[in-house]
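S.K.: this is the structure alone, sequence omitted:
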Ligand code: MD3
Ligand code: FE
């Protein structure tokens, strides 16, 4: 479903087995070194979402190859790039899929209290689409406009296995996660909380 121009939501894109495989990979990536970290903002604020990156990591407000603790970021695996290409092909057609060359992924972990305020993702060098995959608890995803951090916005629910692709005019829309619904993930997955994996073209790799 096209939620806004260039913003495509595909509920249930990952089947149970694919979700389990992606979760197992996230658990391995979360382990040290260069595992799950808390991002501290320059004003001293701490993000409630914890994250781990592959390929490059995001530190306020740029992409770097080393974590805040000084450890090299884990590599961005080819299979995850291939999954991103499949997602973009699904959203915009086979040619767009073939042209898509992601170089990093950001995995966000939400415990029951974590939220992400409305923001734009504009630290990438270009404007290639962002691919988002959700695992575990359902959340409210807020998709705003490209002009202001205020209304109008649309609230949607993202569930385990859902794909979202943000390209075209939606690429620089404000967005955030005002809440998750604890305990709503698939019982068989065995994840307490929510994971979101975004696959991106930073354009800054080497
Ligand atoms: C719309 N993550 O990591 S994913 C982020 O669920 C981020 O963890 C949220 O926003 C999460 O930056 C939302 C959906 C998403 C990701 C990137 C976007 C929506 C986007 C980039 C442009 C527009
Ligand atoms: Fe974002």
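M.R.: Everything's here; your move. As the structure is a prediction and not an experimental result, all values here were calculated from the model. Ligands and ions are numbered 1, 2, ... in the order given.

S.K.: I'd say residue 59 and residue 37 touch.
M.R.: No. Using C-beta atoms under 8 Å, residue 59 makes no contact with residue 37, being 9.5 Å away. Where C-beta positions appear, they are placed from N, C-alpha and C, glycine not excepted.

S.K.: joint contacts of the two?
M.R.: residue 68 (C-beta atoms under 8 Å, 6 or more residues apart in numbering).

S.K.: the chain against ligand 1: which residues are in contact?
M.R.: Residues of the chain found near ligand 1 (C-beta under 6 Å from any ligand atom) are 106, 108, 116, 121, 130, 132, 164, 166, 170-171, 173, 175, 177, 196, 198.

S.K.: am I right that residue 98 is in a helix?
M.R.: Yes. If the criterion is DSSP: H, G, I helix; E, B strand; the rest coil, then residue 98 is within a helix.

S.K.: that one reaches residue 85, doesn't it?
M.R.: Yes. Contact criterion C-beta under 8 Å: residue 98 and residue 85 qualify, at 7.0 Å.

S.K.: so for those two, which residue has more residues nearby?
M.R.: The neighbour comparison of residue 98 against residue 85 (other C-beta atoms under 10 Å) goes to residue 85, with 20 against 11.

S.K.: buried residues, stretch 110-128. List them.
M.R.: Applying a neighbour-count criterion of 16 or more other C-beta atoms under 10 Å, one finds 110, 114, 116, 118, 121, 124, 128 buried in stretch 110-128.

S.K.: report the longest strand in the protein, please.
M.R.: strand 46-54 (DSSP state E).

S.K.: verify the contact between residue 158 and residue 138 for me.
M.R.: Yes. The pair residue 158 / residue 138 is scored as a contact, 6.7 Å apart, by C-beta under 8 Å.

S.K.: more neighbours: which of those two?
M.R.: A count of neighbours by other C-beta under 10 Å puts residue 158 above the other of residue 158 and residue 138, at 22 against 19.

S.K.: if we can go back for a sec, what packs against the longest strand of the chain?
M.R.: Using 3 or more C-beta pairs under 8 Å, 6 or more residues apart in numbering; DSSP states H and E, the elements in contact with strand 46-54 are helix 16-30, strand 37-40, strand 104-110, strand 116-119.

S.K.: so which of these is nearest residue 94?
M.R.: helix 16-30 (20.5 Å; C-beta to C-beta).

S.K.: contact partners of that closest one?
M.R.: By C-beta under 8 Å, 6+ apart, helix 16-30 touches 14, 35-36, 52, 54, 74, 77, 80, 107, 109, 133, 135-136, 160-161, 186, 188-191, 195, 197.

S.K.: need the buried ones from those selected in ChimeraX.
M.R.: Command for ChimeraX that selects the buried part of the contacts of helix 16-30, burial taken from 16+ other C-beta under 10 Å:
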select :14,35,36,52,54,74,80,107,109,133,135,136,160,161,186,189,191,195,197
